[in-house]
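Participant: what follows is a protein structure lacking sequence information:
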């Protein structure tokens, strides 16, 4: 029964099979490696272009962060001014209270 399933089959050595596999697989690996290298090179070039969707998003994000930082600085200044005004009011109230005693 085993002989019947091997009819028409050719036997090759392990070395010959490995040789065939290496010839078939190497160009594919080289192709993928080259493709990935070119993709990285393209991405690196495109990262310097100001007119891409990604660059536009990054520009908008930077602008949003700058606006948020400016607003925070304004709030800090306003809080500091309010603290000085509150301190002056407190001193004035203490002085009026001391005069009343």
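Facilitator: Done, it's in. Everything quoted here is computed from the prediction, not taken from an experiment.
Participant: what is the burial count for residue 55?
Facilitator: Counted with other Cβ atoms under 10 Å, residues neighbouring residue 55 total 14. Every C-beta, even on glycine, is put in place using the N, C-alpha and C of the backbone.
Participant: distance of the residue sitting nearest the centre point of the chain relative to residue 91?
Facilitator: Centroid-nearest residue in the chain: residue 58, 10.4 Å away (criterion: Cα atoms, centre = their mean). Applying Cβ to Cβ, to the nearest Å, the value for residue 58 to residue 91 is 50 Å.
Participant: what of residue 77?
Facilitator: Distance, residue 77 to residue 91, by Cβ to Cβ: 22 Å.
Participant: cool, and residue 64?
Facilitator: Taken as Cβ to Cβ, the span from residue 64 to residue 91 is 41 Å.
Participant: quick one: pLDDT of the residue nearest to the centre of the chain?
Facilitator: pLDDT, the model's per-residue confidence, is 92 for residue 58.
Participant: helix or strand for it, just tell me which one.
Facilitator: Using DSSP states H and E, residue 58 sits in helix 53-100.
Participant: I'd like to know which elements that helix is packed against.
Facilitator: Using 3 or more Cβ pairs under 8 Å, 6 or more residues apart in numbering; DSSP states H and E as the contact test, no helix or strand touches helix 53-100.
Participant: and that helix, how far out from the chain middle?
Facilitator: Relative to its chain's centre, helix 53-100 lies at 32 Å (Cα atoms, centre = their mean, to the nearest Å).
Participant: one more: stretch 49-68?
Facilitator: 13 Å.
Participant: okay, the angle between the helix or strand in which residue 33 is found and helix 53-100?
Facilitator: Residue 33 belongs to helix 14-46 when assigned by DSSP H and E. On the basis of axes from the mean of the first three to the mean of the last three Cα atoms, to 10 degrees, helix 14-46 is oriented at 50 degrees to helix 53-100.
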